[in-house]
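Student: sequence unavailable; structure follows:
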């Protein structure tokens, strides 16, 4: 499985340097590469309680991505899914711990507990005040004496971070962290495993199944369950969480384990916030990737009692771009549709000459249906004739409702009719031409000026230029010749249409995907339609 | 390929409702579901120029995720990878456009151009001031007359959003957007395709290859290139971009197409900011998922001239959590390692009685090596004896350097020695015991109190309780009996060790993975070591 990395052993050091470079000067790192990988706040003055977390890498943005004012002071980063060494943790502690002391926030994995624990002892021996909390928010294995630390760790980072930022002392910050841990629960579910750099991807989840109760290192879940859809997945997770929740309202953190698309995450947010626990979910963090397992296609849900102190701490601003903020959950605010979407109908009016012109155009298109389809089949899907004939049939049927004696209204009515009945790109383009012509229409303006305004807007939006082998190649010369009379216009349209047979490189529309050899010698069907319309109008004039 | 969705036709509406629910009341939507899917700012008062964007879904957080003060006013969302209808766009325009007018920001795809274009005509016919810009930042196909719109669109959203927020009029906001488009370039590269809901995933990229010059709908790239690593991938993209850049410094946007892990994104940021163009990249947006192609494992790089006006607009705060902010690129700030990582050596001192005790303990462990290995083989990997013997050998060799006449220093020295020489979890745990004992040591404290403090800290960090079938089961009763004399302690240690043979459920350490039948009748090797040590000390006393 290829990945965007360089040498395997450089992944973490390069990723951390990338993070530091991209931090806008907010972050720095210790001079301990390659073995000691510690990211610290660049602006830290040791004046408050320091918060140090970390663990194996592969959980980004945890933990280095949460270093910043209001959250962590330093992150100590091990190899992918491996605890950092005692020396690395000690370096992190010593680098940031001043007189107020340091709280270590450690996820409940043996390696992390031990290495952070011994580092804490060594830091104490060097005269530092250090306390340590163990996050064990996983509820997947109720009988396990040592529950794992999952994304609920973010609640601890944020709330303890706020406590430290407001100047509480080490005992108070530690007590805050302990109280958050006591009230945090998490459960995860996944549709796939993760790709550990340099290792093949394990494929242990059968089609139609999902793993529930999983950790953040690709370890198998507690159980495989049938997977049907997002609503059911959330319902299963909620069923696991519900009996473990403390009473009262909950803040919910919806975490992307790394490989779930943003579209799915929003669908899952919808499922979560309409689930059986929705009434108690008053606040939400995410959906966001906060504690990942590399590229795992899965999620976790973490909950925390929504008391006022927790909410205030979670809502406090931080200088950490990976923190998505806290939002109050609200029902979907639905605004009424604006007026004007449905087109206004102009009053019908009579004008025999105009009626004759419109009728002539429509009947010409009906007569040409077969020929135009045949031409289109050379370069497209063979439906130009039918598309135009359909629009013509519809317009003929609407003839008695059209404002035939009001040019501007008529142009707008034709635009509306074509937009609704013609379909496809060409229908929209013709609708734009007539709408823009209507907009340009004004007392004293010539039909040529009006049509040219429409044509120009259509070209601007559609992008077709002269020579691109479209109807524009007939329309432009025809309209330009209109002041000289309909006969000149018909002649110009025909010449323009015929020129398209020599255009072997279509640069617009569907024909742009067809080879020159296939196009050569055939007139563009749109241009042919224009030529036939002007010819008919000239004949009837 | 399973996904966290419900019915295919509900994906976009449910995702948008999820987004609105999770917005903390910042967003609302129009009452047009299922066909008209428009997300708008809930706080919008039509007092400034409105910014409307949108297009097919599948690019989240684009575009609805960027609706908020300082960026978009409304987003019009089509089906996955399909343009929204004219009616939907018109609804979006009419819902947010007041007297100052509305700018449509449209990516350069035919469907979007036409539907947004016709909607603009209809909105104008209804008396609204509407302008429209087309984003065409893709440089993959230099000869294509209609370059695609890619993640560079975010520069337009942000900078035009700032212009509108500061109160510029429609012409001025439009001119700003046009100038950004003129100076924006993008190129993408991917290692895989994306999973369109309901469709099988296409697998057209051979091992060792990547696609360059791709779009954001899973369409094939302009070319397949050999893929070796992140540095090379960035170098290839930079080589494409460089000849297309305007002079001067650049803001770079590093976009995750959806399926690239955060760890890889940071490695890529490192590659980018150490590339041949690094000197000209003064500012960075991301790395972040801004314009995705569902779950595509790829990235895009977008550049924009870094002039002061652009930088000011990009840095302005917004109420949009998907916007990652602008950072000035800086060299990696490397702080010196703190002092104290290397353990201080205590001054050696002599004490014959203490030397005899330490020697007795070490020699007992050396004698027990084979027996302990044998016991460990019943429940583990059979190395407990060798691990302890190795630590004992090392300690004996250090005897003349130990501060034998200073109890606290001696405990700390033993901790350091065990931490360095013993290896594994047990080495760290023993190091914690002796370090915490040293910390607790004080004039007048009994050895029992000091050892109990160490033991308690070790249990707290390691998590082992009485009855968990570990050395704790011998250590706790032995140390508790120490005030009654070494003979009582030895007896208690032996009883405690023997009890572990009846403990068939290990709850801690490696034996927790072994079945009850395999454990039954065998003493835990760690507890056995403790019992033998106390027996030897009693014998020599």
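Tutor: Yep, that arrived. Everything quoted here is computed from the prediction, not taken from an experiment.
Student: tell me where chain A has strands.
Tutor: Along chain A, the stretches classed as strands by DSSP state E are A:27-30, A:38-41, A:50-57, A:74-80, A:102-107, A:130-135, A:184-190, A:209-212, A:223-226, A:250-256, A:281-288, A:298-305, A:326-328, A:334-335.
Student: what's the first one packed up against?
Tutor: Contact here means 3 or more Cβ pairs under 8 Å, 6 or more residues apart in numbering or on different chains; DSSP states H and E; on that basis strand A:27-30 packs against helix A:11-21, strand A:38-41, helix A:86-96, strand B:334-335. Quick note: C-beta positions are derived from backbone N, CA and C, even for glycine.
Student: the spatially closest residue to residue A:307 that is not a sequence neighbour: how many residues sit nearby?
Tutor: Nearest residue to residue A:307, sequence neighbours excluded (Cβ to Cβ, 6 or more residues apart in numbering or on different chains): residue A:248, at 7.6 Å. Residue A:248 has 11 neighbours, counted by other Cβ atoms under 10 Å in any protein chain shown.
Student: is residue A:248 in contact with residue A:308, as I believe?
Tutor: No: if you go by Cβ atoms under 8 Å, residue A:248 and residue A:308 don't touch, sitting 11.4 Å apart.
Student: contacting residues for the residue nearest to residue A:307?
Tutor: Residues in contact with residue A:248 (Cβ atoms under 8 Å, 6 or more residues apart in numbering or on different chains) are A:280, A:305-307.
Student: for those, which one is nearest residue A:22?
Tutor: Of all the contacts of residue A:248, residue A:22 sits closest to residue A:306, with 33.5 Å by Cβ to Cβ.
Student: list the contacts of stretch A:440-454.
Tutor: With Cβ under 8 Å, 6+ apart as the test, stretch A:440-454 has contacts from A:407-408, A:411, A:432-439, A:479-480, A:482-483.
Student: okay, buried residues for that stretch please.
Tutor: Judged by neighbour count (16 or more other Cβ atoms under 10 Å in any protein chain shown), stretch A:440-454 contains these buried residues: A:440-441, A:449-454.
Student: endpoints of it, how far apart?
Tutor: End-to-end distance of stretch A:440-454 (Cα to Cα, to the nearest Å): 8 Å.
Student: starting at the chain centroid, how far to it?
Tutor: Its chain's C-alpha centre and that of stretch A:440-454 lie 42 Å apart, by Cα atoms, centre = their mean, to the nearest Å.
Student: same thing with stretch A:243-261?
Tutor: Averaging C-alpha positions (Cα atoms, centre = their mean) puts stretch A:243-261 21 Å from its chain's average.
Student: mean confidence score for it?
Tutor: For stretch A:243-261, the mean per-residue pLDDT is 95.
Student: buried ones in that stretch, by neighbour count?
Tutor: A:245, A:249-261.
Student: one more: stretch A:82-100?
Tutor: Within stretch A:82-100, the residues that count as buried by 16+ other Cβ under 10 Å are A:83-97, A:100.
Student: before we move on, back to that, buried among the contacts of stretch A:440-454? Make that a ChimeraX selection.
Tutor: Per 16+ other Cβ under 10 Å, the buried members of the contacts of stretch A:440-454 correspond to this ChimeraX selection:
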select /A:407,408,411,432,433,434,435,436,437,438,439,479,480,482
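Student: how about the helices in the stretch 201-350 of chain A?
Tutor: Secondary structure of the stretch 201-350 of chain A, counting by DSSP state H, counting those that start in this stretch: helices at A:230-241, A:262-273, A:308-315.
Student: for the nearest residue to residue A:162 once chain neighbours are set aside, give me its contacts.
Tutor: Ranked by Cβ to Cβ, 6+ apart and with sequence neighbours excluded, the top spatial neighbour of residue A:162 is residue A:313, at 3.8 Å. By Cβ under 8 Å, 6+ apart, residue A:313 lies in contact with A:158-159, A:162-163, A:176.
Student: how about these, which pair is most distant?
Tutor: Between any two of those, the greatest separation by Cβ to Cβ is 10.8 Å, found for A:158 and A:176.
Student: okay, these two: which has more neighbours?
Tutor: Remark: of residue A:158 and residue A:176, residue A:158 carries more neighbours, 29 against 23, as counted by other Cβ under 10 Å.
Student: residue ranges with poor pLDDT in chain A?
Tutor: Filtered on pLDDT under 70, chain A yields the residue ranges A:143-145, A:343, A:423, A:505-518.
Student: before we move on, back to that, which one of the strands of chain A lies nearest to residue B:487?
Tutor: For residue B:487, the closest of the strands of chain A is strand A:130-135, at 37.2 Å, according to Cβ to Cβ.
Student: related to what we said a few turns ago, which among the buried residues of stretch A:82-100 gets closest to chain B?
Tutor: Nearest to chain B among the buried residues of stretch A:82-100: residue A:94, at 3.6 Å, using Cβ to the nearest Cβ.
Student: state the distance from the closest one to residue B:282.
Tutor: Counting by Cβ to Cβ, to the nearest Å, the gap from residue A:94 to residue B:282 is 34 Å.
Student: next: residue A:265.
Tutor: Here residue A:265 is placed at a distance of 33 Å from residue B:282 (Cβ to Cβ).
Student: same question for residue A:85.
Tutor: Residue A:85 sits 36 Å away from residue B:282, taking Cβ to Cβ as the criterion.
Student: contacts only, for residue A:360.
Tutor: Contacts for residue A:360 (Cβ under 8 Å, 6+ apart) come out as A:536-537, A:540.
Student: so which of these are in helices?
Tutor: Counting by DSSP state H, the contacts of residue A:360 place A:536-537, A:540 in helices.
Student: and those residues, which are buried?
Tutor: Burial by neighbour count, judged by 16+ other Cβ under 10 Å, picks out A:536-537 from these.
Student: what's the burial count for residue A:424?
Tutor: Using other Cβ under 10 Å, the number of residues around residue A:424 comes to 14.
Student: contacting residues for it?
Tutor: Counting by Cβ under 8 Å, 6+ apart, residue A:424 makes contact with residue A:387.
Student: same question for the one 10 residues further on.
Tutor: The contact partners of residue A:434, taken as Cβ under 8 Å, 6+ apart, are A:411-412, A:414-415, A:418, A:454.
Student: what does residue A:368 give?
Tutor: A:385, A:388-389, A:528-529, A:532.
Student: run the last query once more with 6 Å
Tutor: Counting by Cβ atoms under 6 Å, 6 or more residues apart in numbering or on different chains, residue A:368 touches residue A:532.
Student: next one: it from chain B, what distance?
Tutor: From residue A:368 across to chain B, the span is 24 Å (Cβ to the nearest Cβ, to the nearest Å).
Student: please apply the same query to residue A:469.
Tutor: Using Cβ to the nearest Cβ, residue A:469 is found at 13 Å from chain B.
Student: ditto for residue A:409
Tutor: With Cβ to the nearest Cβ as the criterion, residue A:409 and chain B are 10 Å apart.
Student: so that residue sits against residue A:347, correct?
Tutor: No: taking contacts as Cβ atoms under 6 Å, residue A:409 lies outside contact range of residue A:347: 8.0 Å.
Student: the two: which is more packed in?
Tutor: The neighbour comparison of residue A:409 against residue A:347 (other Cβ under 10 Å) goes to residue A:409, with 20 against 9.
Student: what residue is smack in the middle of chain A?
Tutor: The structure's chain A has its C-alpha centroid closest to residue A:262; by Cα atoms, centre = their mean the separation is 5.5 Å.
Student: pretty sure that one is touching residue B:60, no?
Tutor: Yes: the criterion here is Cβ under 6 Å, and residue A:262 meets it with residue B:60 at 3.5 Å.
Student: list the beta-bridge partners for the residue in the stretch 301-450 of chain A positioned nearest to chain B.
Tutor: Here the residue of the stretch 301-450 of chain A nearest chain B is residue A:327; by Cβ to the nearest Cβ that distance is 3.1 Å. Here residue A:327 sits in beta bridges with residue A:284, as judged by DSSP bridges.
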